[in-house]
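**Q** Predicted model follows, preceded by the sequence.
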Amino acid sequence: MAALSTIWAALSRTVFRKYRPESAAVVPDWPVNAARAGRRAQWAHGPGERISTIVAERYGGPRMPSLTRGRRPARKSDDERRAEFEQRVLRAVEDLLADGTPYTEIAVQKIAATAEVARSTFYRYFPDKSRLLIRMAELATSDLFAAAERWWSAEHTDREVGVRNAMSAMIAGFRRHRYLLLALSELASYDRDVGAYWRGRVAGFVELVRHRLEADRAAGRVAPELDPAATALVLAAMVERSISTAFAVRTGISDAELARTLGRSIWLVVYGDAPAGPA
């Protein structure tokens, strides 16, 4: 066995001398030294890159690209991670509500499992189910209120068509999140925190409409008899209850017809008896 080992070592040195690059010096122990150097370099840059560097420096030839190093993706911000988490929970809650389960009967563990998040992570963001529903409602209604607020802030040169389009956008948004928003409407009647949130959100919208009606009355664009505060309240309640009722029971009214009727009603209430109407 000793003799065979000696012969094999001699043969190996002959092969490496024969097939090494012509510009390289005779280094009989090259495989051993390179391997040792590569192992020492693992701590800094990984074996693949360092061995490639050693071979290129000692025996010429191009340096091979590293297979062990890559550019790490940018770390997500806390806001991005929170937004992704909230969207997962929102989808989970809406899926569970779509099955017909009342919101009050859906356990936190079920929501966390459906969203594929740890229950401890869930409680880090939402201390209870009331706060969860409030935050989900904020996400679900942002587009609804934005569509209406844009119309009430515009010049109304598109007349009745403009308000009809705003109602169409609101109804489309309600349809996307109808199970969640119906649960919100129900809980707002008896849950103190949910009720306070929803009344405050609607009150803020009513205030926006009141200011616009006051400006229109001062400019002579609406009838002088129009009461801005009362009209704003009536219009907001009409839209909210009409859309909620249309989705809570089977009415046979299409989304397009509901939008057309709400748009016409709002336009006639505000500008139907105006001296000149909006410019």
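**A** Yes, it's here.

**Q** For residue 229, what is the enclosing helix or strand?
**A** Taking DSSP states H and E as the criterion, residue 229 maps to helix 228-248.

**Q** Go through that helix and flag the buried ones.
**A** For helix 228-248, the neighbour count (16 or more other CB atoms under 10 Å) marks 228, 231-233, 235-236, 239-240, 242-244, 246-247 as buried. Just so you know, the C-beta spots here come from the backbone N, C-alpha and C atoms, and that holds for glycine as well.

**Q** all helices for the stretch 1-150 of the chain, in order.
**A** Here the stretch 1-150 of the chain has its helices, by DSSP state H, counting those that start in this stretch, at 2-19, 30-45, 47-59, 78-98, 108-115, 119-125, 129-153.

**Q** The ones you listed: lowest mean pLDDT?
**A** Mean pLDDT values for the helices of the stretch 1-150 of the chain show the minimum at helix 30-45, a mean of 48.

**Q** tell me which residues of stretch 102-112 are tucked away?
**A** 103, 106, 111-112.

**Q** ok so, going back, would JSON lines of the buried residues of helix 228-248 with pLDDT and distance to residue 198 be doable?
**A** Listed next are these as JSON lines, based on pLDDT from 0 to 100; distance: CB to CB, whole Å:
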{"residue": "228", "pLDDT": "98", "distance to residue 198": "23"}
{"residue": "231", "pLDDT": "98", "distance to residue 198": "21"}
{"residue": "232", "pLDDT": "98", "distance to residue 198": "17"}
{"residue": "233", "pLDDT": "98", "distance to residue 198": "15"}
{"residue": "235", "pLDDT": "97", "distance to residue 198": "17"}
{"residue": "236", "pLDDT": "96", "distance to residue 198": "12"}
{"residue": "239", "pLDDT": "96", "distance to residue 198": "14"}
{"residue": "240", "pLDDT": "94", "distance to residue 198": "9"}
{"residue": "242", "pLDDT": "96", "distance to residue 198": "16"}
{"residue": "243", "pLDDT": "96", "distance to residue 198": "14"}
{"residue": "244", "pLDDT": "94", "distance to residue 198": "11"}
{"residue": "246", "pLDDT": "95", "distance to residue 198": "18"}
{"residue": "247", "pLDDT": "94", "distance to residue 198": "16"}
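
**Q** Tell me the helices and strands packed up against the lengthiest helix in the chain.
**A** In the chain, with assignment by DSSP state H, the single longest helix is helix 192-218. Judged by 3 or more CB pairs under 8 Å, 6 or more residues apart in numbering; DSSP states H and E, the packing partners of helix 192-218 are helix 129-153, helix 178-187, helix 228-248.

**Q** Those helices: which one's closest to residue 214?
**A** Among these, the nearest to residue 214 by CB to CB is helix 228-248 (4.6 Å).

**Q** between the helix or strand following that closest one and helix 192-218, how big is the angle?
**A** Downstream of helix 228-248, the next assigned helix or strand under DSSP H and E is helix 255-271. Orientation check (axes from the mean of the first three to the mean of the last three CA atoms, to 10 degrees): helix 255-271 against helix 192-218 gives 50 degrees.

**Q** which residues are in contact with helix 255-271?
**A** Here helix 255-271 makes contact (CB atoms under 8 Å, 6 or more residues apart in numbering) with 156, 159-161, 163-168, 170-172, 175, 213, 216, 221-222, 226, 231, 234-235, 238-239, 242-243, 246, 277-278.

**Q** Could I have the buried ones of these as ChimeraX selection syntax?
**A** Remark: buried members of the contacts of helix 255-271, expressed as a ChimeraX selection using 16+ other CB under 10 Å:
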select :156,163,164,165,166,167,168,170,171,213,216,221,222,226,231,235,239,242,243,246,278
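
**Q** how about residue 232, what does it touch?
**A** Counted by CB under 8 Å, 6+ apart, residue 232 has contacts 206-207, 209-210, 213.

**Q** make it 7 Å
**A** Residue 232 is in contact with 206, 209-210, 213, counting by CB atoms under 7 Å, 6 or more residues apart in numbering.
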